[in-house]
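S.K.: only the shape, not the letters, is given here:
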């Protein structure tokens, strides 16, 4: 990973922790316009806060990023997220034409990229981003484990 | 289908047409609380209008319905939609714990229920709704075909 990429993933991890402090499942995401290095949006899960079952971290930054750009497509953008996206978020990433997805921990129970629906591998998927998984995997997973341990 | 179900699907078809008139891909959805028969939300695609790649008809009614109920879960609700949901919408339906999905036309190119990701069949899917496909299939498909024919 480049220094810039490490920096963006660290921002996503900070968001994940902030999400956990707010009582959300601690997953964070950062959407970056690659050419300019501009962070278009950064957020964490907001499912509980917004009573919105679709408000995963990835959905939040895709919606905010597209709105701020005034464009339904996020071509040339990279999405950093601390956990493997679920099928909903993976399909949203494809709809938005995001160029690259960099994720932290793998999610065998709920993931939709390397597990389960494997959205990007389907013939019904009309855009396949570059995917880099397992970045800061241990820290990303530890944030989630600590959260669920404390919940019990 | 019961008379009530026919009525809800007709409402979804009306929404689809209104979406097409607004320049959106004409898909409509209606979210109904089954026990009371209350329509919690009805909408069409808003991708173009909102510059939001996630604003499919199903996502719109899930988000609005959960907000109006003040609950991230939509247990006991039925979702009527004129086209087979994509993987994003199917996974959102599972996240929201919607009880039943009634859809119109099948979507071999982009569907995620009976095609491609087959989201509800995956071990990573934690809630599988009852699914009834092909209701008002011809009319639902015709609205889409007419729209794309006129676009060309």
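M.R.: It's in. As the structure is a prediction and not an experimental result, all values here were calculated from the model. Residues are numbered from 1 along each chain as shown, chains lettered A, B, ... in the order given.
S.K.: can you show me the helices along chain A?
M.R.: With helices called from DSSP state H, chain A shows them at A:3-21, A:47-50, A:57-69, A:87-95, A:137-151.
S.K.: tell me which of the ones you listed is the most buried.
M.R.: For the helices of chain A, the stretch with the most neighbours on average is helix A:87-95, a mean of 30; neighbours defined as mean count of other C-beta atoms under 10 Å in any protein chain shown. (Glycine included, C-beta is placed from N, CA and C.)
S.K.: from the contact counts, what lies against it?
M.R.: When contacts are defined as 3 or more C-beta pairs under 8 Å, 6 or more residues apart in numbering or on different chains; DSSP states H and E, helix A:87-95 sits against helix A:57-69, helix B:87-95.
S.K.: could you dump these into JSON lines with distance to residue B:4 and mean pLDDT added?
M.R.: As requested, the helices and strands packed on helix A:87-95 are exported to JSON lines (distance: least, C-beta to C-beta, whole Å; pLDDT from 0 to 100):
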{"stretch": "helix A:57-69", "distance to residue B:4": "32", "mean pLDDT": "97"}
{"stretch": "helix B:87-95", "distance to residue B:4": "20", "mean pLDDT": "98"}
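S.K.: residue A:111 against residue B:124, yeah?
M.R.: Yes. The criterion here is C-beta atoms under 8 Å, and residue A:111 meets it with residue B:124 at 6.4 Å.
S.K.: of the two, who's got more company?
M.R.: Here residue A:111 and residue B:124 are set side by side on neighbour count (other C-beta atoms under 10 Å in any protein chain shown), and the busier one is residue A:111, at 24 against 19.
S.K.: ok, now how distant is the more buried one from residue A:136?
M.R.: Distance of residue A:111 to residue A:136, given as C-beta to C-beta, to the nearest Å: 16 Å.
S.K.: please apply the same query to residue A:103.
M.R.: Here the criterion is C-beta to C-beta. By it, residue A:103 lies 9 Å from residue A:136.
S.K.: now swap in residue A:52 and tell me
M.R.: When C-beta to C-beta is applied, the distance between residue A:52 and residue A:136 equals 27 Å.
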